[in-house]
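Asks: Give me the fold of what follows.
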Amino acid sequence: MSTKVLISGAGVGGSTLAYWLSERGFEVTVVERATGQRSSGNPVDVRGYAADVAEKMGVMPELRKAAIDVDRLSFIDAAGRPRVSVATKAADGAGEVELPRAELAKILLGAARDRAEIRWGDTITGLEQDDSGVSVSFEQHAPQTFDYVVGADGLHSNVRRLAFGPERDFVRHMGIYVATLPVDRIYGDAREVVMFNTPGRSLSVHPAGGKPLAALMFRSPAVPDYDYRDVAQHKRLLLNAFDGPVGVFGPVFEQIRDAEDLYFDSVSKVRLDTWSKGRITLLGDAGSSVSLFGDGSSLAIAGAHTLAEELARTPGEPDTALRNYERRQRVLSDPKQNGARLAGAFIVPGSRLGILVRDTAARLMRRV
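Replies: Take a look at the predicted model:
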């Protein structure tokens, strides 16, 4: 009998894992709380090992077709004049692809769709396991037993909560909140991200291949009653946080009140001593989120490929397979987590001095 694997989450990591497990003869089911894929998303990079995985999947031509050709980030003043620009693409970045997260997830799921069962609009409600498998209960479907369960369900992972414990034990707020939403115009040229900073605030617009996307970030302690699903609360928090100078980005705030596709969340770090418990394991942000600042999509793609390799190597030995997966993947993910604070200081300096230091460092980077 084939090995049965349940994946929670039909995003970047879950779709990649579904493809590679199915390729190796596993019977794969993907359960996704949403009723369909998101139509937008912040631009993300596919690079390094992840690009190699995409090549092996045969999806690289589709990724390149959907790619966004942006090569610089410009820090501007209140009048929209550039202060300094830095390159966002390495000189030898021919193997890198930048594209909207939603497009990346759509292409990866397309590669896996005919190989796995996809259950939209459902979620896991209970997990019980023994040496032979994991008994899973669902909100919509009848209970079922799987050999493995993988939580590829993001920062607020349901699988992590059910198998490891409450979110507060593993998710640490990094002092920043971030929002993204589609807007109706670009503010630089078609290959330029423009950003305006005030102390503890960052506003930027990415041209995103003709579908411009605004990103708003602000420093704040953890909001005590924060609910990551409460869009009305998110809009209030944004408008309160940016109740001050916004430079040329005033029109963005006129769109926030009526926005229907607003993403908002805490920039957070996820830390667990181990990503696995018995036959249940975590993939991507669910086990090692570095939120906005750490190649999360590339890490999820790479981790999915590694997990599939290790499960295929020793499918009947969960301890060995999952231990080897975690050992290999932490080599990639741990350095990204360690650099998250430095990235936050670069994008959202907390003071006028911090902005000056950042701009000076950017000028030096440009000369190297």
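Asks: List the buried residues of the helix or strand where Val5 lies.
Replies: Using DSSP states H and E, Val5 sits within strand 4-8. Using 16 or more other C-beta atoms under 10 Å as the test for burial, strand 4-8 gives 4-8. For the C-beta atoms, the positions are set from N, CA and C on the backbone; glycine is no exception.
Asks: tell me the two of those residues that are most distant?
Replies: Between any two of the buried residues of strand 4-8, the greatest separation by C-beta to C-beta is 14.1 Å, found for Lys4 and Ser8.
Asks: follow-up on the earlier one: show me what the helix or strand following the strand holding Val5 is packed up against.
Replies: Sequence order places helix 12-23 as the next helix or strand after strand 4-8, per DSSP H and E. Judged by 3 or more C-beta pairs under 8 Å, 6 or more residues apart in numbering; DSSP states H and E, helix 12-23 is in contact with strand 4-8, strand 27-32, helix 49-57, helix 101-112, helix 296-313.
Asks: List the neighbouring strands of the following helix or strand past the second one plus their orientation.
Replies: Proceeding N to C from strand 27-32, the next assigned helix or strand is strand 43-46, under DSSP H and E. When pairing is defined by DSSP bridges, strand 43-46 lines up against strand 97-100 (antiparallel).
Asks: What mean pLDDT does the strand it pairs with get?
Replies: Computed over strand 97-100, the mean pLDDT rounds to 90.
Asks: Kindly report the same for stretch 296-310.
Replies: Mean pLDDT, stretch 296-310: 96.
Asks: Just the angle for the strand holding Val5 relative to helix 12-23, thanks.
Replies: Inter-element angle recorded for strand 4-8 and helix 12-23: 170 degrees (by axes from the mean of the first three to the mean of the last three C-alpha atoms, to 10 degrees).
Asks: Parallel or antiparallel, which strands does strand 4-8 pair with?
Replies: Sheet pairing for strand 4-8, using DSSP bridges, gives strand 27-32 (parallel), strand 148-151 (parallel).
Asks: now those strands as CSV including distance to Ala116 and mean pLDDT?
Replies: As requested, the strands paired with strand 4-8 are arranged in CSV below (distance: least, C-beta to C-beta, whole Å; pLDDT from 0 to 100):
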stretch, distance to Ala116, mean pLDDT
strand 27-32, 4, 98
strand 148-151, 12, 98
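Asks: Most tightly packed of those strands?
Replies: strand 148-151 (a mean of 30; mean count of other C-beta atoms under 10 Å).
Asks: what about Ser132, neighbour count?
Replies: Residue neighbour count, defined by other C-beta atoms under 10 Å, stands at 9 for Ser132.
Asks: Can you show me the helices along this structure?
Replies: Here the chain has its helices, by DSSP state H, at 12-23, 49-57, 60-65, 101-112, 158-163, 231-241, 250-256, 285-288, 296-313, 318-338, 340-347, 352-367.
Asks: Now do the second one: which elements does it pack against?
Replies: Right, helix 49-57. The contact analysis (3+ C-beta pairs under 8 Å, 6+ apart) places helix 49-57 against helix 12-23, helix 60-65, helix 296-313.
Asks: what bits of the stretch 151-300 of the chain have low per-residue confidence?
Replies: The stretch 151-300 of the chain contains residues with pLDDT under 70 at 290-294.
Asks: 90 instead, please
Replies: Counting by pLDDT under 90, the stretch 151-300 of the chain has low-confidence residues at 188-190, 208-211, 254, 257-258, 260-261, 269, 289-296.
Asks: In this structure, which strand is the longest?
Replies: Counting residues, the longest strand found in the chain (DSSP state E) is strand 171-182.
Asks: Report how many residues lie close to the spatially closest residue to Asp334 that is not a sequence neighbour.
Replies: In this structure, Asp334 finds its nearest non-sequential neighbour in Ser288, 7.8 Å apart by C-beta to C-beta, 6 or more residues apart in numbering. Around Ser288 sit 26 other residues, with neighbours defined as other C-beta under 10 Å.
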